[in-house]
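> 3D, please:
(chains A and B)
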Protein chains: 2
Amino acid sequence: MKYGFSERVKYLKSSAVRDILKVINQGNIISFAGGLPEEKLFPVEAVDQAFHKAITTNPKTLQYGETEGVPALRKAIAERMKQKGLDRPIEDILITSGSQQAIDLFSNVMFNQGDVILTENPTYLAALQVFETYETDVVPVDADEDGMVIADLEEKIQRLRPKCIYVVPTYSNPTGKVWSLKRRKQLLALAQKYHVVIFEDDPYGELQFDQEGAPPSIASMDDQDLVLYTSTFSKTVVPAVRMGWIVGPHQIIRIMAQAKQATDLHTNSISQHAFVHLLEDFDLEAHIQLIRDTYYQRMLVMKRLLDEVDMEGLTYIEPKGGMFFWVTLPEEINTTQLLDKAVEAGVAFVPGAPFYVNHPKQNTLRLNFTNATPDVIEEGMRKFVQVLEDYKVHA
Amino acid sequence: MKYGFSERVKYLKSSAVRDILKVINQGNIISFAGGLPEEKLFPVEAVDQAFHKAITTNPKTLQYGETEGVPALRKAIAERMKQKGLDRPIEDILITSGSQQAIDLFSNVMFNQGDVILTENPTYLAALQVFETYETDVVPVDADEDGMVIADLEEKIQRLRPKCIYVVPTYSNPTGKVWSLKRRKQLLALAQKYHVVIFEDDPYGELQFDQEGAPPSIASMDDQDLVLYTSTFSKTVVPAVRMGWIVGPHQIIRIMAQAKQATDLHTNSISQHAFVHLLEDFDLEAHIQLIRDTYYQRMLVMKRLLDEVDMEGLTYIEPKGGMFFWVTLPEEINTTQLLDKAVEAGVAFVPGAPFYVNHPKQNTLRLNFTNATPDVIEEGMRKFVQVLEDYKVHA
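Predicted coordinates for the structure are as follows:
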């Protein structure tokens, strides 16, 4: 049977990472491929109690809710954001089904076919996926270790008149990089000069490994209503609840809420009420510190094993937070081909190519260090190192 | 500050009903306006236990999940559907964040600008909203008490080559109508003859008031993979969880899952696991019978009061299930204007106009009978009758 699909479906493809994960999850393979938080750290008891309270305190909690989100949750998030320097009234906050939905709703209300979006390269691939489905023109900006290269950014803003600059400036997926304060300010200044909206995607910002943490969010420095900021509880509490939020200019948030109404009426409100209780009753800051410490130790184990690899041309970015190592291998190694060997050897990673807007560097890969214990990381990395050694011999 | 929004936002508007509800909820008004189930019937204890099990049994429940939905829930839904004559493998089922998301995802993968969708008129207004945002051309088909008029349907299929026929054939919102078996078969035969996809929206199908219930779903009679069927637990369990599903041709479901992946990764999976437990541990059939009995009694109260109105030209459809009375007043009465008087008098309804594709009948209105106790219905209807009487006198 043939169906007449929309033109849009041309741009839909299953996420490369999720497809890899499906294969990997079937075998007995140590996986550094996913972007999964550690299940053992999930605050099960606190989540359980929060849901129990949410469900039993008031039957209205189980009724249809407001599209914008449960007011008490928006208030609690506004307070958390304010502590991080981002001071916005609750009218400027929309609760979303994960920050993925924030990216989609924003794209829905902002982009026409052919609109230009400037991004880092590589960048979060599921954002690229969304941008593609809206038939936008995604253009990468040169970057160094501190963030986008400002000269290239300004040249592209002037020439291409972008609708939006999409950035993951803090412990980014996939590269683990952190933008410097100076570069954040320069980006904001350019956005203000040319009146371009910035979309700041920050799922990992709280997962810092050092005392001082990352520089302030770009949104927190915005005094001209040009930055939208999205984050999520997926990495700090649990992913299954799909609990994200977006904060920004009221005009845009309001229209995104209208789009959300047509899309799914509102985000699961039992979960929203549960998060109200969780944020009241549970010491989330202490919990986040536990996550940071655990992930930091795991990162160090992976780093130690990476340092043992005797391979000229292998470089990596040491993450100051977040969940990933971004590894560059000698140019002659294609990591998509390498993955087959790795899976044979019982270990998996994600090839870097799908994270690129264009001209993918085929010799890059992403390693996740948050979903395996130090022992398993050690075991998996020994396999990975062996695969690299073998590849070298046969090449 | 001016922002460059997408062309799409032109078609976005806040739901008229939700806007009315916001005003009404602020005052001390008896509301027959919403489409809310009765909170007192929510199976709080069962929901509480189901979530407790889902959260505490296995931490993997709290991890990221599959876009298509939790397999055990899809299996449980497949079994429920099969008992109702709709036999589909779990691969043909997608879990959605409410059936609203099923309508949106379907529209996303099917419709290009200008595609024709045939609908009843009036019909579910939030579906009309979605269809508008995809810039489709929605064309109403004539209907009588048994469903669409087949001659008009065939003429429009031949002339307009629609991409889809959208129907709410069972205890519809807003009219409360039920399509006859014959008309269902005729619709399906025409869809097959001209190869048009049917979207069968069935949120109310289980809320029957008589022993025999409604005729089988159109999807259950489809042997040519042309019908998509969506339903939800919003009306039979609780709405807050946003737990819907869609079942249909695998090709379409698969592409909808890809669209969902970009949209929100997956539906809240704590809730999905909770529903697996709920469907195992809780006597949902007995619970649904309780809902039916309660709503039937309330419907009878409202009917009795409607029958007391002494107004020539007032007619209504007696619902055989569902949640609504659809009332037609004498042609000279504009129900949008009448609503102001009603709210002044302390009672609210929804004017019929927003449910129409075009040429709204301004003398229609929808009354919900499920969210108020018989006493309150009686009190509210007495106010409503008084408003009608006064209007007559002043007109």
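
> kindly report the residues of the stretch 151-300 of chain A close to chain B.
With Cβ under 8 Å from any Cβ of the partner chain as the criterion, the stretch 151-300 of chain A comes near chain B at residues A:163, A:197, A:224-226, A:234, A:238-242, A:249, A:251-252, A:255, A:258-259, A:261-271. The C-beta positions use only the backbone N, C-alpha and C, and glycine is treated the same way.

> any of the residues you listed buried? List them.
A:163, A:197, A:225-226, A:234, A:238-242, A:249, A:252, A:255, A:258-259, A:261-271 (16 or more other Cβ atoms under 10 Å in any protein chain shown).

> okay, and which of those residues map to strands?
Counting by DSSP state E, the part of those found in strands is residue A:197.

> of the buried ones among the residues of the stretch 151-300 of chain A next to chain B, which belong to helices?
A:252, A:255, A:258-259, A:261-264, A:269-271 (DSSP state H).

> for those residues, give me a markdown table that also has distance to residue B:184 and pLDDT.
Below are those laid out as a markdown table (distance: Cβ to Cβ, whole Å; pLDDT from 0 to 100):
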| residue | distance to residue B:184 | pLDDT |
| --- | --- | --- |
| A:252 | 44 | 97 |
| A:255 | 39 | 96 |
| A:258 | 34 | 94 |
| A:259 | 34 | 96 |
| A:261 | 31 | 94 |
| A:262 | 28 | 93 |
| A:263 | 29 | 95 |
| A:264 | 28 | 96 |
| A:269 | 35 | 96 |
| A:270 | 35 | 97 |
| A:271 | 37 | 97 |
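
> and the gap between residue A:39 and chain B?
Per Cβ to the nearest Cβ, to the nearest Å, residue A:39 is found 4 Å from chain B.

> check that residue and give its pLDDT.
pLDDT recorded at residue A:39 is 96.

> ok, it touching residue B:61?
No: if you go by Cβ atoms under 8 Å, residue A:39 and residue B:61 don't touch, sitting 9.2 Å apart.

> and these two? which has more neighbours close in?
Neighbour count, other Cβ atoms under 10 Å in any protein chain shown: between residue A:39 and residue B:61, residue B:61 has more, with 23 against 16.

> residues in contact with the more buried one?
A:240, B:54-55, B:269-270, B:273 (Cβ atoms under 8 Å, 6 or more residues apart in numbering or on different chains).

> looking at those, which is nearest residue B:158?
Nearest to residue B:158 among these: residue B:269, at 45.1 Å, using Cβ to Cβ.

> would you confirm that the closest one contacts residue B:68?
No: under the criterion of Cβ under 8 Å, residue B:269 makes no contact with residue B:68, lying 11.2 Å away.

> low-confidence stretches in the stretch 1-150 of chain A?
For the stretch 1-150 of chain A, residues meeting the criterion pLDDT under 70 lie at A:14-18, A:21.

> can you show me the helices along it?
A:16-26, A:44-57, A:71-83, A:98-110, A:125-133, A:150-160 (DSSP state H, counting those that start in this stretch).

> looking at these, which is nearest to residue A:358?
Using Cβ to Cβ, these put helix A:125-133 closest to residue A:358, at 10.3 Å.

> that closest one vs chain B: in contact?
Yes: using Cβ under 8 Å from any Cβ, helix A:125-133 reaches chain B at A:126, A:129-130, A:133.

> which residues are contacting that helix?
A:8, A:11-13, A:15-17, A:100, A:103-104, A:107, A:111, A:117, A:119, A:138, A:166, A:168, A:174, A:201, A:354-355, A:357, B:259, B:261-262, B:265.

> filter those residues down to the buried ones, ChimeraX style.
Per 16+ other Cβ under 10 Å, the buried members of the contacts of helix A:125-133 correspond to this ChimeraX selection:
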select /A:8,11,12,15,16,17,100,103,104,107,111,117,119,138,166,168,174,201,354,355,357 /B:259,261,262,265
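
> report the contact partners of the closest residue to residue A:252 other than its chain neighbours.
Nearest residue to residue A:252, sequence neighbours excluded (Cβ to Cβ, 6 or more residues apart in numbering or on different chains): residue B:3, at 6.0 Å. Residue B:3 is in contact with A:110, A:197, A:249, A:251-252, counting by Cβ under 8 Å, 6+ apart.

> just the closest of those to residue B:283, please.
Once Cβ to Cβ is applied, the member of those that ends up nearest residue B:283 is residue A:252, at 46.6 Å.

> check contacts around the nearest residue to residue A:358 once chain neighbours are set aside.
The shortest distance from residue A:358 to any residue other than its chain neighbours is 6.8 Å, reached at residue A:140 (Cβ to Cβ, 6+ apart). Residues in contact with residue A:140 (Cβ under 8 Å, 6+ apart) are A:118-121, A:123, A:356-358.

> which residues does the residue nearest to residue A:265 when sequence neighbours are not counted contact?
Counting by Cβ to Cβ, 6+ apart, residue B:100 is the residue found nearest to residue A:265 once chain neighbours are left out, at 5.0 Å. Contact partners of residue B:100, counting by Cβ under 8 Å, 6+ apart, are A:262-265, B:126, B:130, B:244.

> ok so, going back, for the helices of the stretch 1-150 of chain A, which one ends up most surrounded?
Most buried of the helices of the stretch 1-150 of chain A by mean neighbour count (mean count of other Cβ atoms under 10 Å in any protein chain shown) is helix A:98-110; its value is a mean of 27.

> okay, domains of chain A per the record?
Domain segmentation of chain A under automatic domain parsing yields A:7-42+A:286-394, A:45-281.

> can you give me the end-to-end distance of the longest one?
Meaning domain A:45-281. End-to-end distance of domain A:45-281: 11 Å, with Cα to Cα, to the nearest Å as the criterion.

> ok, longest helix in chain A?
helix A:284-308.

> what about the helix or strand that it is followed by, average pLDDT?
Next in sequence after helix A:284-308, counting helices and strands by DSSP states H and E, comes strand A:315-317. Average pLDDT, strand A:315-317: 95.

> quick one: strands adjacent to strand A:315-317?
strand A:324-328 (antiparallel) (DSSP bridges).

> in the helix or strand that comes right after the strand it pairs with, what's buried?
Downstream of strand A:324-328, the first helix or strand assigned by DSSP H and E is helix A:335-345. Within helix A:335-345, the residues that qualify as buried are A:335-336, A:338-339, A:342-343, A:345, counting by 16+ other Cβ under 10 Å.

> biggest separation within those residues, which pair?
Farthest apart among the buried residues of helix A:335-345 by Cβ to Cβ are A:336 and A:345. That separation is 15.6 Å.

> so residue A:95 sits against residue A:272, correct?
Yes: under the criterion of Cβ under 8 Å, residue A:95 makes contact with residue A:272 at 6.1 Å.
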